[in-house]
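1. Provide a 3D model corresponding to the input given below.
(2 chains)
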Amino acid sequence: MQSLAATSAAGVLLDLSGVLILLLAFACLASKLFNRYVAYYGAQSVVLSFAAATVAVTFRSVELWILAVLTLAVKGIAIPLAARRLLVTRLALKRDAAMSTGLSTSLIAGGALTAFAYLVTRPALLPHGTVAAAVVPLSTAVILLGCLSMVVRRHTVAQLIGWLIVENGVFLGAITLVATFPFIVEAGIFLDIVAGVLIMVVFVSGLTRQLAEASAGELRELHG
Amino acid sequence: MTGLAILVALSPLTGPIAALAGARARLAGTAQAVGAAIAFGCSLALLALLDGGKPLAGWDGFLYVDSLGGFFLMTVAAVTLLAAVGSVSYVAAQEDDGELSGFQVRLYFSFFGLFASLMLAALETGNLGLLFVLVEASTLASAALVGLEGRARSLEAAWKYIIISSLGVTIALVGTLFLFYSGSALHSVANHGSSNLGLTWPYLLAHAHALAPQSLRLAFLLAVVGYGTKVGLAPMHTWLPDAHAEAPSPASAMLSAALLNTGMYAIIRFLAIAHARLGSAYPRAVLLSFGFASIVIGALFMVRRSTAGGPGGRPPGVQSKRLFAYSSVEHMGIIAVALGFGGLLGLYGALLQTLNHALAKAVLFLSSGDVSLRYRTREASQVSGLLAAVPVTGGVLLLATFAVLGSPPFGLFLSELTIVRAGFASASPVFPLLLLALLGLAFVAFARTTAGMVTGSPPARLSSPYRGRAAVAVTAAPLILGLAALLVLGLWIPAGLNTILVRSAAVIG
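-> As a prediction, the model looks like this:
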């Protein structure tokens, strides 16, 4: 399997997209408005599809082109639109108050997680000078930031967005680490995400109807 | 043979087809049971045909069934059959009661069959990426079953389940990526046209010596954490008690006895590769840590649940299904520990324990479903005199309790004994002794609760929730069948099963 050099034009573009994706994950972590969560997620997915297109051009891979277009259409447009229509607007969600820590604390924790991601993925694991060595720590950080926002936020919609950010991080890692990952599998993963979002939307609406506010923090009946 | 394998995975779809065609609970349930019976029969036939030891492979590695896969197929198909037969009377009674609407019944059978079919398909693929896709899809299908009843509690449990499991399985996907990456030296050397091959389990195992050890370590750890979320290994088990308690009882049986095993199967596939490249020390350390954590958590929660300040020894507010769920956490921990001990004895014990636990848990959850229908409560403390009121269910519940706790003459006694022996043979004696102590603790805590349900005097008025004698017989059939199988496995392991177990253990390494 070929590996992109970090200094090639495509490598620089990928690196740049990775940084943008990480910054958007931070932006999502730092915001308190549901509208913004969805907007940042959509923007992140658009950058991700650009990154996939870059890899597709480099490797002249038709499958990766299809994936890039799918990412743009589904993650960049369809899911944000649906989330805004079906959840944010319909449930009249505005400010997210259900957080277990303050914004500054969660940002500091996010910074620490990013440093941790560099610490674990840098040494020995990845060959020096390839674009993977630059981008995989970024994608690991995005995965950890998504997990963090799922932990910190107690609202179900915010947790859903957190999971989607984790998926974006995995996808970024996948296209840089293993560009030749089998297409059928990638397509199946895509299908899973779409089905997952659909089912989760049903649950969120159901929970909101049951409770005045669908905050997982108030879901206290089951424990232990 | 390929046709047989396809039939195994597709035949549970009879239930969804009947349900979508608008059948009511009895008809859809019968269709589901027939489909499950076909799947079970085909899985047995497949095992018999695999007898030569040559695995069934095709379609670029997307289809791959060896004796290990065949063994898990048989286990999951058997559980599906028991749960499908149990569903017929359970769902019909709920429909007659007005507890479930016609729409919910159709939803139940649509997702029940889909869930079973996806799990069986996951056990038949040799492609680790497709394995991820199918396991994640089965999570989605089963989440609909958990949230079926639509109350706030069940929706909450379903949400917890879907979000934790999806995140967990995503971590397993990262592990799969790193496994693929660890073989990148392989791809450039061999330069195979198809990239599918690089993600195919038999290929990776055959070329394990060429995998990069650093990323393989990471891949194995991520896979254990990720698929361990589905298995219910502590500390990733938090979704499990809620989901098991809130799902309809036959669906709980499927979760505990089929889904957890499917997750364990995925871990075993990664284990085989890790074992071949990294030796036994690293996988053992990982599996023993997670395994013992699960056994401790499971046993302690069973103790807490059964002694939560109840006067006179009757614990208040214990849902029996919640207790069974913690017992599942404990048993999955035992299986992980056995895999960690390794060696022929340990692997043999782990597989036998898988089969025994699946049968025992299916019986327990199905009988608790019958109890909750008859007593109209899920609280164990409000149930008493079961043995006098409903002798069959009461007797089965009592015997299955002893079976799942590992007392002779049932199968789990034999498998747990094998595992402890494997521990003494391979690791330091501290581990098997600790295992024995924890098993004893779990025994006391668990038996306390069910003993209270079975003994005593029954409440004055208990109306049967079933219509007609046939429904009562259908309820009892899977209970008695499952218990009989457990008893047989405790006394005698058929030569064919023995061969399969030995061969599967050899596959793992």
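
2. from what I see, B:Leu4 and B:Leu47 are in contact.
-> No: in this structure B:Leu4 lies outside contact range of B:Leu47 using C-beta atoms under 8 Å: 10.2 Å. The way it works is simple: take the backbone N, C-alpha and C, and place the C-beta from them, glycine included.

3. more neighbours: which of those two?
-> Shown here are B:Leu4 and B:Leu47; by other C-beta atoms under 10 Å in any protein chain shown, B:Leu47 has more neighbours (20 against 15).

4. identify the residues contacting that one.
-> Counting by C-beta atoms under 8 Å, 6 or more residues apart in numbering or on different chains, B:Leu47 makes contact with B:67, B:70-71, B:73-74, B:496, B:500.

5. taking the residues you listed, tell me the two that lie furthest apart.
-> Largest separation among the contacts of B:Leu47 by C-beta to C-beta: B:Leu73 and B:Gly496, giving 14.7 Å.

6. just put the contacts of B:Leu47 in TSV and tack on neighbour count, secondary structure and distance to B:Ser280.
-> Listed next are the contacts of B:Leu47 as TSV, based on neighbours: other C-beta atoms under 10 Å in any protein chain shown; DSSP: H, G, I helix; E, B strand; the rest coil; distance: C-beta to C-beta, whole Å:
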residue	neighbour count	secondary structure	distance to B:Ser280
B:Ser67	22	helix	21
B:Gly70	27	helix	25
B:Phe71	26	helix	22
B:Leu73	26	helix	27
B:Met74	22	helix	27
B:Gly496	12	helix	29
B:Ile500	21	helix	23
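
7. just give the number of residues close to B:Ser289.
-> With other C-beta under 10 Å as criterion, B:Ser289 counts 16.

8. so it, which of the three states?
-> helix (DSSP: H, G, I helix; E, B strand; the rest coil).

9. what sits against it?
-> By C-beta under 8 Å, 6+ apart, B:Ser289 has no neighbours at all.

10. B:Pro12 too?
-> B:32, B:35-36, B:39, B:80, B:84, B:113, B:116-117, B:120.

11. check which helices and strands the top helix by length along chain B sits against.
-> As assigned by DSSP state H, the longest helix anywhere in chain B is helix B:343-375. With contacts taken as 3 or more C-beta pairs under 8 Å, 6 or more residues apart in numbering or on different chains; DSSP states H and E, helix B:343-375 sits against helix B:67-97, helix B:249-254, helix B:260-278, helix B:320-341, helix B:391-404, helix B:411-426, helix B:469-491, helix B:495-508.

12. where are the low-confidence patches of chain A?
-> Residue ranges of chain A with pLDDT under 70: A:1-4, A:6, A:123-124, A:209-224.

13. where along it do the helices fall?
-> A:9-30, A:34-59, A:62-70, A:79-82, A:103-121, A:131-152, A:156-177, A:183-210.

14. what helices or strands is the longest one leaning on?
-> Packed against helix A:183-210 by the contact rule (3+ C-beta pairs under 8 Å, 6+ apart) you find helix A:62-70, helix A:79-82, helix A:156-177, helix B:128-146, helix B:152-182.

15. contacting residues for the residue nearest the centre of chain A?
-> Most central in chain A under C-alpha atoms, centre = their mean is A:Ile165, positioned 1.8 Å from the mean C-alpha point. By C-beta under 8 Å, 6+ apart, the residues touching A:Ile165 are A:25, A:28, A:41, A:44, A:142, A:145-146, A:149.

16. rerun at 10 Å
-> A:Ile165 makes contacts with A:21, A:24-25, A:28-29, A:37, A:40-41, A:44-45, A:142-143, A:145-150, as judged by C-beta atoms under 10 Å, 6 or more residues apart in numbering or on different chains.

17. my read: B:Cys370 touches B:Met453, true?
-> Residue B:370: Asp, not Cys. No: look at B:Asp370 against B:Met453 with C-beta atoms under 10 Å: they stay out of range, at 11.9 Å.

18. what's the overlap in contacts for those two?
-> Joint contacts of B:Asp370 and B:Met453 (C-beta under 10 Å, 6+ apart) are B:386, B:394, B:397.

19. any low-confidence regions in the stretch 351-500 of chain B?
-> B:427, B:460-461.

20. report the separation between the residue of it found nearest chain A and B:Thr238.
-> Among all residues of the stretch 351-500 of chain B, B:Arg378 sits closest to chain A, at 12.7 Å; criterion: C-beta to the nearest C-beta. From B:Arg378 over to B:Thr238 the distance is 20 Å, taken as C-beta to C-beta, to the nearest Å.

21. go on, A:Ala133?
-> For A:Ala133, the distance to B:Thr238 - C-beta to C-beta - is 35 Å.

22. after the helix or strand of chain B with the lowest mean pLDDT, which helix or strand is next?
-> When the helices and strands of chain B are scored by mean pLDDT, DSSP states H and E, helix B:184-190 comes last with a mean of 64. Per DSSP states H and E, helix B:184-190 leads on to helix B:201-206 as the next helix or strand towards the C-terminus.

23. may I have the following helix or strand past that following helix as CSV, with CA atoms only?
-> Following helix B:201-206 in sequence order, the next helix or strand is helix B:213-231 (DSSP H and E). This file holds the C-alpha atoms of helix B:213-231, laid out as CSV (Å, rounded to 0.1, in the frame of the first residue of the first chain):
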residue,chain,number,x,y,z
PRO,B,213,3.4,-6.0,16.2
GLN,B,214,3.0,-2.4,17.5
SER,B,215,-0.2,-1.7,15.7
LEU,B,216,-1.5,-5.3,16.2
ARG,B,217,-1.2,-4.7,19.9
LEU,B,218,-3.3,-1.6,19.6
ALA,B,219,-5.7,-3.3,17.3
PHE,B,220,-6.3,-6.2,19.7
LEU,B,221,-6.8,-3.9,22.7
LEU,B,222,-9.2,-1.7,20.8
ALA,B,223,-11.1,-4.7,19.5
VAL,B,224,-11.5,-6.1,23.1
VAL,B,225,-12.7,-2.7,24.4
GLY,B,226,-15.0,-2.2,21.4
TYR,B,227,-16.6,-5.6,21.0
GLY,B,228,-16.3,-6.0,24.7
THR,B,229,-18.9,-3.2,25.0
LYS,B,230,-21.3,-5.6,23.2
VAL,B,231,-20.2,-8.5,25.3
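
24. does any bit of helix B:213-231 sit next to chain A?
-> Yes: for helix B:213-231 and chain A, the contact criterion (C-beta under 10 Å from any C-beta of the partner chain) is met by B:214-215, B:217-218.

25. tell me the helices and strands packed up against that helix.
-> Contact here means 3 or more C-beta pairs under 10 Å, 6 or more residues apart in numbering or on different chains; DSSP states H and E; on that basis helix B:213-231 packs against helix B:128-146, helix B:152-182, helix B:240-246, helix B:260-278, helix B:281-306, helix B:320-341.

26. possible to save those as a markdown table with mean pLDDT?
-> Formatted as a markdown table, those follow (pLDDT from 0 to 100):
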| stretch | mean pLDDT |
| --- | --- |
| helix B:128-146 | 90 |
| helix B:152-182 | 89 |
| helix B:240-246 | 88 |
| helix B:260-278 | 93 |
| helix B:281-306 | 88 |
| helix B:320-341 | 91 |
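
27. tabulate the ones you listed (CSV), appending distance to A:Leu86.
-> Output for these, formatted as CSV (distance: least, C-beta to C-beta, whole Å):
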stretch, distance to A:Leu86
helix B:128-146, 18
helix B:152-182, 16
helix B:240-246, 24
helix B:260-278, 31
helix B:281-306, 37
helix B:320-341, 32
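
28. can you list the residues of the stretch 201-350 of chain B near chain A?
-> Close to chain A, as judged by C-beta under 10 Å from any C-beta, the stretch 201-350 of chain B has residues B:212, B:214-215, B:217-218, B:238, B:241-243, B:245-246, B:301, B:304-305, B:308, B:322, B:326.

29. show me how to select, in ChimeraX, the buried members of those.
-> Selection of buried members from those for ChimeraX, criterion 16 or more other C-beta atoms under 10 Å in any protein chain shown:
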select /B:212,215,217,218,238,241,242,243,245,246,301,305,322,326
